[in-house]
Each structure stands twice: as structure tokens, then as C-alpha cells.
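>>> Need a 3D model of the following:
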Amino acid sequence: MKDLNVYIEELLYKHQCVIIPKFGAFISNRKSATMGDDKTFDPPKRELTFNPSLNSNDGLLIKYVSEQSGIDYNLVEDYVNLAVEGWKRILQQDQPLVLDKIGRSEEHTSELQSLVII
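This is a model prediction of the structure:
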């Protein structure tokens, strides 16, 4: 099975919001192309934000991981819960949480409030 952040990254290409149960949600917003003062164009992009209040299991992440990996839904749910517990332990130890290709915690706090998108 891949790391959980890989599945999250894959889902963010397909969905605007990916909820990590008992942790929070990553929300992707599209930004239109813009023209700068020097008449150059900035291409359209996606901005990723994190909302710790959206943390109820909507089934999307666990179902996706289960389908992609061929592992039973309940076992994947346990896997996600363990990953989230590990992330929370990292934050409680005032360490930065890094989720490859998604982001890292900006400040060392016991809860993830914001991410720097990488």
C-alpha cells in the first residue's frame, strides 16, 4: 500500500475537497489566469487550503484507498486512523508535519491550522 499522502494527492486532482477523518480537509480552489502589469500572463493554478473543522468521515478517502489497493474498507479505515494518530503525535511534539507533494505545517502547534503548500 502507498503512503496515505499519495492517495490524498491523487484524489485532489479529481475532487475539490478531500477529508481526512478525525484530522481535517484539504480544499482545492482553481485560480484563473491573470495578466501582470508587465503584460505577461500567469497561468491558471490551483490553490490548496486546509480546514481542520471538516473532519467527519465522508467515505471518499477510505473507499478510494480500498478500491486502489484491493484491501478491505475496515482495514483501510484502521490504516487511516493510525496514520492520523501518527500525524497528531508529530504535531504534539512540536515537530513540523510534512506531507510530500501536499504541504507541511507552517507553525509547530499541537494542531494543524495551516499548511505551506509544496
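>>> Quick one: list the elements packing against the longest helix seen in the chain.
If you go by DSSP state H, the chain has its longest helix at helix 73-92. Packing contacts for helix 73-92, counted by 3 or more Cβ pairs under 8 Å, 6 or more residues apart in numbering; DSSP states H and E, involve helix 4-14, helix 60-69. To be clear about C-beta, it is placed using only N, CA and C from the backbone, and glycine gets the same treatment.
>>> Using a markdown table, lay out the ones you listed together with mean neighbour count and mean pLDDT.
Below are those laid out as a markdown table (neighbours: other Cβ atoms under 10 Å; pLDDT from 0 to 100):
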| stretch | mean neighbour count | mean pLDDT |
| --- | --- | --- |
| helix 4-14 | 16 | 94 |
| helix 60-69 | 17 | 98 |
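>>> Just the CA coordinates for stretch 73-81, please, in CSV.
Provided in CSV are the C-alpha atoms of stretch 73-81 (Å, rounded to 0.1, in the frame of the first residue of the first chain):
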residue,chain,number,x,y,z
TYR,A,73,-12.6,-1.0,3.8
ASN,A,74,-12.4,-1.7,7.5
LEU,A,75,-8.7,-2.4,7.3
VAL,A,76,-8.1,0.8,5.4
GLU,A,77,-10.1,2.7,7.9
ASP,A,78,-7.8,1.3,10.6
TYR,A,79,-4.8,2.3,8.5
VAL,A,80,-6.1,5.9,8.1
ASN,A,81,-6.8,6.2,11.8
